[in-house]
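1. Please find the sequence and the predicted model below.
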Amino acid sequence: MGIAVSSMKSNLLDMSLDAKGAVDLKGEKLEMDSSISIGLRGKDTSYRSKIYMVDSVLYTSDKDAGWKTKTLSGEEIDAVWGKQLDMLSASRYLDIFPTSDADTPQLVEKDGVTCYLIEMTPDPEVFNERLLGLISQGGVSTQVLPFDTPDIFNNARVRFWIDADTYHLTGYEMTADLTLEDNGSVLNGNIENTGRFYDFDTELAIEAPN
């Protein structure tokens with residue numbers, strides 16, 4: 001996910017969030033490596049975190065603090081795997097769209113895979129709410145920037161790529177323009193949130209960290 005916001009005088013915000021991971025649904029194991037960099041009003045910060053889940057134990061690491069472990073309850077484990085399954089379902093995104101607002105699917109080549117490309121225009125109110133939630137998860141405080149202002153995103157567009165043979169969701173892309181006011185100045189920007197899913201049914205070797 002990337003966000004850029006600027007005024008006529010200067011860049012106010014540059015933010016990027018990158019995450020890559022692997023999930024073994026059958027073996028109930030996962031690993032995730034994510035990094036965030038934020039340039040906010042001339043100050044740069046960044047951090048990186050890693051997560052593993054093996055044998056019902058969650059391992060988390062933040063910078064050089066070492067590994068922390070937590071044994072999850074049955075309810076917590078079910079929630080983790082429910083979320084992972086949900087991530088791979090296009091239906092999780094459909095509440096942001098009017099029921100009749102999808103374009104006719106096209107057959108295209110995406111990363112060497114024949115896919116159905118579906119382009120949709122989201123409901124502005126729901127789209128704004130969803131993206132504001134993603135921004136807050138990325139660590140940008142609404143007390144620093146007025147991101148709690150409604151309807152700051154416009155000209156939004158979403159694309160889905162669905163494998164034509166397996167019907168797996170192989171990718172999505174959300175883009176929008178951004179306009180807001182800050183201390184009397186009009187700020188303009190853009191946001192892009194993309195995801196790729198690949199190597200389905202590949203054998204994985206995910207092990208707990210030492």
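-> Now that the structure is in, tell me what you want to look at.

2. so Leu169 bridges to which residues?
-> Leu169 has the following beta-bridge partners by DSSP bridges: Ile162.

3. residues in contact with it?
-> When contacts are counted by C-beta atoms under 8 Å, 6 or more residues apart in numbering, Leu169 touches Leu88, Ser89, Ala90, Phe160, Trp161, Ile162, Asp163, Phe197. All C-beta spots, glycine's among them, are computed from the backbone N, C-alpha and C.

4. pLDDT check: weakest of these?
-> Among the contacts of Leu169, Ala90 has the lowest pLDDT, at 62.

5. Contacts only, for Leu85.
-> Neighbouring residues of Leu85 by C-beta under 8 Å, 6+ apart: Leu25.

6. in the chain, which ranges drop under the pLDDT threshold?
-> Under the criterion of pLDDT under 70, the regions of the chain flagged as low confidence span 7-10, 62-65, 90-102, 133-151, 182.

7. before we move on, the earlier item: just the buried residues of the contacts of Leu169.
-> Among the contacts of Leu169, those buried by neighbour count (16 or more other C-beta atoms under 10 Å) are Phe160, Trp161, Ile162, Asp163.

8. which of these lies closest to Met174?
-> Of all these, the one sitting nearest Met174 is Phe160; the distance, using C-beta to C-beta, is 10.0 Å.

9. What separation is there between that closest one and Tyr167?
-> 11 Å (C-beta to C-beta, to the nearest Å).

10. just Ser34 next, same as before
-> Using C-beta to C-beta, which is the criterion applied here, Ser34 is 28 Å from Tyr167.

11. in this protein, which spans are strands?
-> 2-6, 11-24, 29-40, 43-54, 57-62, 67-71, 106-110, 113-120, 153-163, 169-182, 185-196 (DSSP state E).

12. I'd like to know how far the residue lying farthest from the centre of the chain sits from Leu12.
-> Within the chain, Gly184 marks the point farthest from the mean C-alpha position, 30.8 Å out by C-alpha atoms, centre = their mean. Noted for Gly184: a distance of 14 Å to Leu12, by C-beta to C-beta.

13. Next up, the contacts around the nearest residue to Arg157 once chain neighbours are set aside.
-> Closest residue in space to Arg157, ignoring its immediate chain neighbours: Thr175 at 5.5 Å, by C-beta to C-beta, 6 or more residues apart in numbering. The neighbourhood of Thr175, defined by C-beta under 8 Å, 6+ apart, consists of Ala156, Arg157, Val158, Asn190, Ile191, Glu192, Asn193.

14. Could you measure from the third one over to Met120?
-> Between Val158 and Met120 the computed distance is 5 Å (C-beta to C-beta).

15. ditto for the last one
-> Separation of Asn193 from Met120 (C-beta to C-beta) stands at 14 Å.

16. for the fifth one, same thing?
-> As defined by C-beta to C-beta, Ile191 lies at a distance of 17 Å from Met120.

17. Once you drop chain neighbours, what's closest to Thr166?
-> When the adjacent residues along the chain are set aside, Thr166 lies closest to Phe200, with 6.9 Å between them (C-beta to C-beta, 6+ apart).
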